[in-house]
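A.B. asks: show me how the following folds:
(2 chains)
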There are 2 protein chains.
Amino acid sequence: MPDARVVVTTDLLLEGRHFRRDWSSGYEVGRKAAAQNLSDVAAMGARPTALFLGLGLPADTDVAWVEDLADGMRDECHIVGASVAGGDIAQCDLVVLGVTALGDLGGRAAITRAGARPGDVVAVTGRLGWAAAGLALLEAGHRESSEPDLARAMDEVIGAHRRPAPPYSCGPEAAALGATAMLDVSDGLIQDIGHIAAASGVGVEIDPAAFEVPGPVGVAGRFLGVDPLDWMLTGGDDHALAAVFPVGIGLPAHWTVIGEVIEGAGVQVDGRVYDRSGWNHFQGKL
Amino acid sequence: MPDARVVVTTDLLLEGRHFRRDWSSGYEVGRKAAAQNLSDVAAMGARPTALFLGLGLPADTDVAWVEDLADGMRDECHIVGASVAGGDIAQCDLVVLGVTALGDLGGRAAITRAGARPGDVVAVTGRLGWAAAGLALLEAGHRESSEPDLARAMDEVIGAHRRPAPPYSCGPEAAALGATAMLDVSDGLIQDIGHIAAASGVGVEIDPAAFEVPGPVGVAGRFLGVDPLDWMLTGGDDHALAAVFPVGIGLPAHWTVIGEVIEGAGVQVDGRVYDRSGWNHFQGKL
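C.D. replies: As a prediction, the model looks like this:
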């Protein structure tokens, strides 16, 4: 810990709730488990350095599945220059992963959820709606199609559900640019920006016209008869970064300004409270 | 992290495997979950600074149980001057605790399992056999007695099972005294010292005459018809510290020398391989 500080994040991933072994391989679960924790470190403006795993496994788990899991965690860590540095193992009726990640702030202050001020702009980088579209297809039992464009879109969004690709380096970048608040979108954009609003004591106004629907997400939406903006505003698991910046900062092109911080409380879309929300761990979809 | 390094440990605690809600209160589970991780930090020679909890809970969990759990973790942390600094929560069919603890080495090197050398002495401090005796009573359905001595012994060993009292400060003490290897006894003394032997590439000879059976453990043994030395050599969960020191170091009286490091491999008791072992997470008692 070069500057004598450490950022820490921890997450539980539970079989049947956060992943299914019939929908994702061990390798994909490993990639995803690492990604969501490394992303939390990045969202504090830090560079991830080490990952730790508490692993619960059924007694009849195939060893190859566990080796695939380890390979997936290693490969995801490799993207950011971190490593799996330790852990624990126990027998359990379901697969349980308790993942902890540490990170290095590189001399900067940690970015929390609590620094947004009225007048700041809200921006996102990374994917929105992809994993939610993929999950919706899997839940509806659609994994493939004989129609090439649809098949390609299915591959892309189902792949995004199985293996998120968080924009890790944009976390320290946002910190260096002067972000006043940040988090990674894991429970849905509106709900997660609501966490920033609550922690900062402000409101946020989101402009739905700022969102460009990605091609594969639009194709999946048309196929299932779902407004893809719903997925983009309420879907989790892509681990995009949402950050708040003082007005007037020149943001790199991969950041999209989607709204602004206002006096008040809560998150509004186009001037109204959006009537769907993200994932609530004790109620399912609201 | 004053000296720019951090020690980390992580553990999974699973309902039905590591604790039972009908045998331990939420407060006791919190104390125990914190204790076993803080003890792991101490066993590296470090002072615990912060604890993180990934908490899986059934949807119908009583909120009072969760508040008791939090109180227990807070109080155990308070003993060592640490605090619960963060966490995650998710719904799960069983109670799952993924606990991570960080610690400060105070400028010393971390003590690992790999430094024992032939000629070193092996010493322990803290309780041995207490929690195993308490667990054996609970498993046999004995929680109370009308016989005062037996009732008192039952209270003590069942209390030790529910709420371990690791000798936290003895970890940094052993490091300062020059320990060459150390761990906390969580799976059974012989098995855990076997980990030191394997990591250090040495053998260990344990002298059974060095152990004094604690009063309540002896009482419980007579009541159940069990040799209490079995509990002391193979029982887990008291989180005693076992450390290896160069010969000739004057150890404080709360350390008991129980054996020595020899050329070779494995752990012998009184010159023979002990025929019972500690806890194997995938096979139960051997």
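
A.B. asks: off-centre distance for the one helix or strand A:Ala64 maps to?
C.D. replies: If you go by DSSP states H and E, A:Ala64 is part of helix A:63-80. Relative to the mean C-alpha coordinate of its chain, helix A:63-80 is positioned 19 Å out (C-alpha atoms, centre = their mean, to the nearest Å).

A.B. asks: what's the answer for stretch A:18-33, then?
C.D. replies: The chain centroid and the centroid of stretch A:18-33 are separated by 15 Å under C-alpha atoms, centre = their mean.

A.B. asks: can you pull the buried residues of it?
C.D. replies: A:18-19, A:21, A:23-33 (16 or more other C-beta atoms under 10 Å in any protein chain shown). All C-beta atoms are positioned from the backbone trio N, CA, C, and that covers glycine.

A.B. asks: and the next helix or strand past the helix holding A:Ala64?
C.D. replies: Counting by DSSP H and E, the next helix or strand C-terminal to helix A:63-80 is strand A:83-91.

A.B. asks: mean confidence score for that next one?
C.D. replies: Mean pLDDT, strand A:83-91: 95.

A.B. asks: note down every partner strand of that strand and its orientation.
C.D. replies: In the sheet, strand A:83-91 lines up against strand A:47-57 (parallel) (DSSP bridges).

A.B. asks: how is chain A divided into domains?
C.D. replies: A:7-104, A:121-285 (automatic domain parsing).

A.B. asks: all strands of the stretch 151-286 of chain A, in order?
C.D. replies: Ranges of strands in the stretch 151-286 of chain A, per DSSP state E, counting those that start in this stretch, are A:181-184, A:203-206, A:241-245, A:256-262, A:266-269, A:272-273, A:279-280, A:284-285.

A.B. asks: dump those strands to a markdown table, plus distance to A:Ala110 and mean neighbour count.
C.D. replies: Formatted as a markdown table, these follow (distance: least, C-beta to C-beta, whole Å; neighbours: other C-beta atoms under 10 Å in any protein chain shown):
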| stretch | distance to A:Ala110 | mean neighbour count |
| --- | --- | --- |
| strand A:181-184 | 10 | 26 |
| strand A:203-206 | 21 | 21 |
| strand A:241-245 | 13 | 26 |
| strand A:256-262 | 19 | 20 |
| strand A:266-269 | 23 | 19 |
| strand A:272-273 | 30 | 8 |
| strand A:279-280 | 25 | 16 |
| strand A:284-285 | 32 | 9 |
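
A.B. asks: so which of these gets nearest B:Thr49?
C.D. replies: Closest of the strands of the stretch 151-286 of chain A to B:Thr49 is strand A:181-184, at 24.6 Å (criterion: C-beta to C-beta).

A.B. asks: now A:Leu12: phi and psi?
C.D. replies: phi -100, psi 130 (degrees, to the nearest 10).

A.B. asks: enumerate every residue touching it.
C.D. replies: A:18, A:96-99, B:54-56, B:88-90, B:92, B:96, B:98 (C-beta atoms under 8 Å, 6 or more residues apart in numbering or on different chains).

A.B. asks: can you tell me which of these is closest to A:Val261?
C.D. replies: With C-beta to C-beta as the yardstick, the closest approach to A:Val261 among the contacts of A:Leu12 comes from B:Asp88, at 26.4 Å.

A.B. asks: next, the closest residue to chain B within the stretch 51-200 of chain A: secondary structure please.
C.D. replies: Relative to chain B, the nearest point of the stretch 51-200 of chain A is A:Gly98 (2.3 Å; C-beta to the nearest C-beta). At A:Gly98 the chain is in strand, as set by DSSP: H, G, I helix; E, B strand; the rest coil.

A.B. asks: that one and B:Gly266, how far apart?
C.D. replies: Going from A:Gly98 to B:Gly266 by C-beta to C-beta, to the nearest Å gives 32 Å.

A.B. asks: residue closest to the middle of chain A?
C.D. replies: A:His239 (1.7 Å; C-alpha atoms, centre = their mean).

A.B. asks: apart from its neighbours in sequence, what residue is nearest A:Thr9?
C.D. replies: A:Asp40 (3.8 Å; C-beta to C-beta, 6 or more residues apart in numbering or on different chains).

A.B. asks: what does the stretch 51-200 of chain A put close to chain B?
C.D. replies: A:52-56, A:59, A:85-94, A:96, A:98-100, A:102 (C-beta under 8 Å from any C-beta of the partner chain).

A.B. asks: got a ChimeraX select line for the buried ones in those residues?
C.D. replies: Buried subset of those, written as a ChimeraX selection, criterion 16+ other C-beta under 10 Å:
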select /A:52,53,54,55,56,85,86,87,88,90,91,92,94,96,98,99,100,102
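
A.B. asks: so which of the domains of chain A is the most surrounded?
C.D. replies: domain A:7-104 (a mean of 21; mean count of other C-beta atoms under 10 Å in any protein chain shown).

A.B. asks: chain center to that domain: distance?
C.D. replies: 14 Å.

A.B. asks: other SSEs contacting the helix holding A:Ala64?
C.D. replies: Under the contact criterion of 3 or more C-beta pairs under 8 Å, 6 or more residues apart in numbering or on different chains; DSSP states H and E, helix A:63-80 touches helix A:26-42, strand A:47-57, strand A:83-91.

A.B. asks: what angle do it and helix A:26-42 make?
C.D. replies: 30 degrees (axes from the mean of the first three to the mean of the last three C-alpha atoms, to 10 degrees).

A.B. asks: and stretch A:110-127, how far apart are its ends?
C.D. replies: Its first and final residues considered, stretch A:110-127 spans 23 Å by C-alpha to C-alpha, to the nearest Å.

A.B. asks: kindly report the same for stretch A:257-269.
C.D. replies: 14 Å.

A.B. asks: over to stretch A:141-155?
C.D. replies: 14 Å.

A.B. asks: low-confidence regions, the stretch 151-286 of chain A specifically.
C.D. replies: Applying pLDDT under 70 to the stretch 151-286 of chain A flags residues A:275-286.

A.B. asks: now do the helices in it.
C.D. replies: A:170-177, A:189-200, A:215-224, A:228-234 (DSSP state H, counting those that start in this stretch).

A.B. asks: that's all I had, so thanks and see you.
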